[in-house]
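# for reference, the sequence and a predicted model appear below.
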Protein chains: 2
Amino acid sequence: MKGNVIVGQSGGPTAAINSSLAGVYCTARERGAKKVYGMLHGIQGLMEGKYVDLSDFIRSDLDVELLRRTPAAFLGSCRYKLPEIHENQEVYEKIFDILEELDIECFIYIGGNDSMDTIKKLYDYSMVTGRGHTNFLGVPKTIDNDLALTDHTPGYGSAAKYIGTSVKEIIRDGHSLRYEHGLVTIVEIMGRNAGWLTGAAALAKGEDCEGPDLIYLPELVFDVDKFVAKVRKLLEKKYSVVVAVSEGIKTADGKYVCELGSNVDFVDAFGHKQLTGTANYLASLIAGEIGCKTRAVELSTLQRAASHSASRVDILEASQVGGAAVKAGDEGDSGKMVVMLRLSDDPYQCTTEVKDVHKIANDERLVPREWVNKEGTYVTDEFITYVRPLIQGDVSPVMVDGIPRHLYRPID
Amino acid sequence: MKGNVIVGQSGGPTAAINSSLAGVYCTARERGAKKVYGMLHGIQGLMEGKYVDLSDFIRSDLDVELLRRTPAAFLGSCRYKLPEIHENQEVYEKIFDILEELDIECFIYIGGNDSMDTIKKLYDYSMVTGRGHTNFLGVPKTIDNDLALTDHTPGYGSAAKYIGTSVKEIIRDGHSLRYEHGLVTIVEIMGRNAGWLTGAAALAKGEDCEGPDLIYLPELVFDVDKFVAKVRKLLEKKYSVVVAVSEGIKTADGKYVCELGSNVDFVDAFGHKQLTGTANYLASLIAGEIGCKTRAVELSTLQRAASHSASRVDILEASQVGGAAVKAGDEGDSGKMVVMLRLSDDPYQCTTEVKDVHKIANDERLVPREWVNKEGTYVTDEFITYVRPLIQGDVSPVMVDGIPRHLYRPID
């Protein structure tokens, strides 16, 4: 590699996105890149001239390890969609000016669907205009695991592990106290359209835990009445029922469950329409219909930020795809995304490939119907066989005075 | 020890309450107890004749280690207050019949204020009537850390560690994306009257993290207008602001902040008065007043159940107080609670003592005013010096197939 590398992070943060950054950095140095730049807040920051020399932050092997254990986007992220080329060429000229000025041989973008759209457009612009000598590569990242063409996306495994662990702990907590009419806990999990994260609640199940009682993915229609009947029946047999639901479950008429609470004048003190949240709504519904005690737990931000319980497989694979992107770029690939290709479940074996980014953008990969039981209330063993290898192993945090240490970058 | 031991768990579960159970079990066996019984769901279950022989579940040293790593009450818990002795002697006679039948030399109850009330009443009954030969001992437990006479309570350290770690991860997440008018994240933490848990959010602060921007404890009056002004000012300097609030903060007129949202007709589809939650209310308020993006995160059940990130000091001390209670009972103490006595902060040294349970019951220990800054918006260094030793060290989970293993007991 003769020139320099620039890398950016885009879209929602994960516990593994910085491990991909570490992979890019290490491989770029190994392959002789003189400089490895980092865009601050992705392509949006780059256009404002905001970037750093990564070697100012990563000064040792220990720093690499800390970076891998640091949640959220170390460089800052953005949600910025490049205009179509024919709409605004100025934007592209500006970006290519910067790439030229910095002598960028390899442009790496770590992100989800929208980020791959950025890679596609920059590559197309370079092809159409013949400008520059930069290769554009995408590195997959999303806890949602909804990117097409890849077996899974880095970030998903750690989120799944956190969800399985937390749901198991919540189930235990629920068994502590007996309430007269029982206790129903609704756990709300991220994933607006894809149920990969919600299905991971089933990982709680094992020799030492019954697992959640019901799991509802957003891919299937949610029937409120059937749900209430199911819970009522479960409460006849056990005093604590735990239900995992996706934030994105919808009724047959296409309405989000979290919007159902807004039927009445559900307006807060400031006149805003108050969105209850799916778990809150269902907990309130069950309390009203059945008269039992209910609890709503949103796993919230932590399911994507909990580096302290990351999956080793996930963190290592995240580095691996970062490194593979640099290698591909160095070898002349452009307009490509690195994907994971699973060779075998047991023993788990997975390798990387590069695929044309044009084939990827904006296709959402959902949980296959046959990986959910007939009633739509639980995932099947096939789902577990798929996800289980991705949560294996731990990345012990570097503890300083009782709290995990992260790699520091002052806030811009 | 010639007779048998019986142990029960009571009140809200914690990540360390089973470590106290393990301590009771191991010390009782060491001191020659023939049987160690466990009440199922505390004194309430015992009165229904529900108890187990703990050796049916704890069969090896590995089981002891698993029990220490199992969150929530292994034996099941209850919230049951014994009647006054003069109100209902039947209840007491029933309990003492069972204790006699089981030849109980030592009755151990692990719990908070209400549980110590149970110890007190049973002891008093034994004194007044001269019935039985059982010694009654209390073992402190509560994540709230609000028990009097003890330096701290087992369960608090692990919850504090989880809160410090999670708030740090949330702060990182907040720095990822820049929103046009900034982002304000409100993290809601347990503790209705005492701010020990909320103050632990400050543990996120260190060389690699600015920590939360504001911390509001329930001990001090919460001024809504000053809060909004503070946040507005912070947003002038930084694009992500993180605020930690106790669920129990109140305004000057004694109203819970979480009730403020119910001023208007905040009624859900089922006609219930909907309690917004403190974080939800404040997030909505800030969005309305300032126009920035806001997020509400409730740490919820996980702050008391997250065994996967327990503090080693906490887990070991929990065992220690359990063992100390058995020892005290074996040596003839009764009507006493084990307390923690701190000898030194650095190096941290703590020992156990037994105190008369009559001196303890129903006194709530709050955070001292001088451990909060003048404005009431952050804890002081004294607070950190107090809590820091309690979160030291880890208890690595026993991972099986990627998920922490717990000790199993089928649901009753």
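That came in fine, so what should we check first?
# the stretch 301-412 of chain A: helices as residue ranges?
Secondary structure of the stretch 301-412 of chain A (DSSP state H, counting those that start in this stretch): helices at A:302-305, A:312-330, A:381-387.
# nope, the stretch 101-250 of chain A is what I meant
A:113-129, A:156-174, A:196-199, A:224-237.
# chain B: which of those is closest?
helix A:156-174 (4.1 Å; C-beta to the nearest C-beta). C-betas here are computed from N, CA, C, even on glycine.
# the inter-axis angle of the closest one versus helix A:312-330?
160 degrees (axes from the mean of the first three to the mean of the last three C-alpha atoms, to 10 degrees).
# where are the low-confidence patches of the stretch 301-412 of chain A?
Scanning the stretch 301-412 of chain A with the threshold set as pLDDT under 70 gives A:361-362.
# which bits of it sit near chain B?
A:301-302, A:304-309, A:311, A:388, A:391-394, A:396, A:399-408, A:411 (C-beta under 8 Å from any C-beta of the partner chain).
# let's see it at 6 Å
Within the stretch 301-412 of chain A, the positions adjacent to chain B are A:301-302, A:305-306, A:308-309, A:391-392, A:402-406, A:408, A:411 by C-beta under 6 Å from any C-beta of the partner chain.
# need the max-distance pair from these.
A:Gln392 and A:Ile411 (34.4 Å; C-beta to C-beta).
# of the two, who's got more company?
A:Gln392 (17 against 12; other C-beta atoms under 10 Å in any protein chain shown).
# hang on, isn't the more buried one packed against A:Val313?
Yes: between A:Gln392 and A:Val313 there is a contact at 4.9 Å, judged by C-beta atoms under 6 Å.
# so where does A:Glu259 fall, helix or strand?
Take DSSP states H and E as the rule and A:Glu259 turns out to sit in helix A:257-260.
# what is the distance between that helix and the centre of its chain?
24 Å (C-alpha atoms, centre = their mean, to the nearest Å).
# cool, stretch A:172-187 as well?
30 Å.
# ok, the residue sitting furthest away from the middle of chain A to A:Gln89 distance?
When distances are taken from the C-alpha mean of chain A, A:Glu180 lies farthest, 39.3 Å away, according to C-alpha atoms, centre = their mean. Distance, A:Glu180 to A:Gln89, by C-beta to C-beta, to the nearest Å: 69 Å.
# for chain B, what are the nearby residues on the stretch 51-200 of chain A?
Close to chain B, as judged by C-beta under 6 Å from any C-beta, the stretch 51-200 of chain A has residues A:71-73, A:77, A:161, A:164-166, A:169-170, A:172-173, A:175-178.
# which one of those is nearest A:Leu234?
Taking these together and measuring to A:Leu234 by C-beta to C-beta, the closest member is A:His175, at 13.7 Å.
# next one, pLDDT for the closest one please.
Predicted confidence (pLDDT) for A:His175: 94.
# quick check: closest non-adjacent residue to the residue most central in space within chain A.
Geometric centre of chain A, nearest residue: A:Ile143, 1.4 Å, by C-alpha atoms, centre = their mean. Leaving out its chain neighbours, the residue that sits closest to A:Ile143 by C-beta to C-beta, 6 or more residues apart in numbering or on different chains is A:Ala159, at 4.0 Å.
# neighbours of the one you found, how many?
Using other C-beta under 10 Å, A:Ala159 is surrounded by 34 other residues.
# ok now do it, which residues does it touch?
A:143, A:197, A:303-304 (C-beta atoms under 6 Å, 6 or more residues apart in numbering or on different chains).
# cool, and A:Ser309?
By C-beta under 6 Å, 6+ apart, the neighbours of A:Ser309 are A:162, A:165, B:308.
# quick check: buried residues in stretch A:349-357?
A:350, A:352, A:354-355, A:357 (16 or more other C-beta atoms under 10 Å in any protein chain shown).
# centre of the chain to it, how far?
Using C-alpha atoms, centre = their mean, the offset of stretch A:349-357 from its chain centre is 18 Å.
# same check on stretch A:283-301?
26 Å.
# buried sites along it?
Using 16+ other C-beta under 10 Å as the test for burial, stretch A:283-301 gives A:283-287, A:289-290, A:292-301.
# ends of stretch A:329-336, what's the gap?
The straight-line separation of the ends of stretch A:329-336 (C-alpha to C-alpha, to the nearest Å) is 9 Å.
# surely A:Val395 is in contact with A:Asp314?
No: here A:Val395 does not reach A:Asp314: they are 8.6 Å apart, not a contact under C-beta under 6 Å.
# who's more crowded, the two?
Shown here are A:Val395 and A:Asp314; by other C-beta under 10 Å, A:Asp314 has more neighbours (28 against 22).
# just give me the neighbour total for the residue nearest to the more buried one when sequence neighbours are not counted.
Leaving out its chain neighbours, the residue that sits closest to A:Asp314 by C-beta to C-beta, 6+ apart is A:Gly157, at 3.1 Å. Counted with other C-beta under 10 Å, residues neighbouring A:Gly157 total 32.
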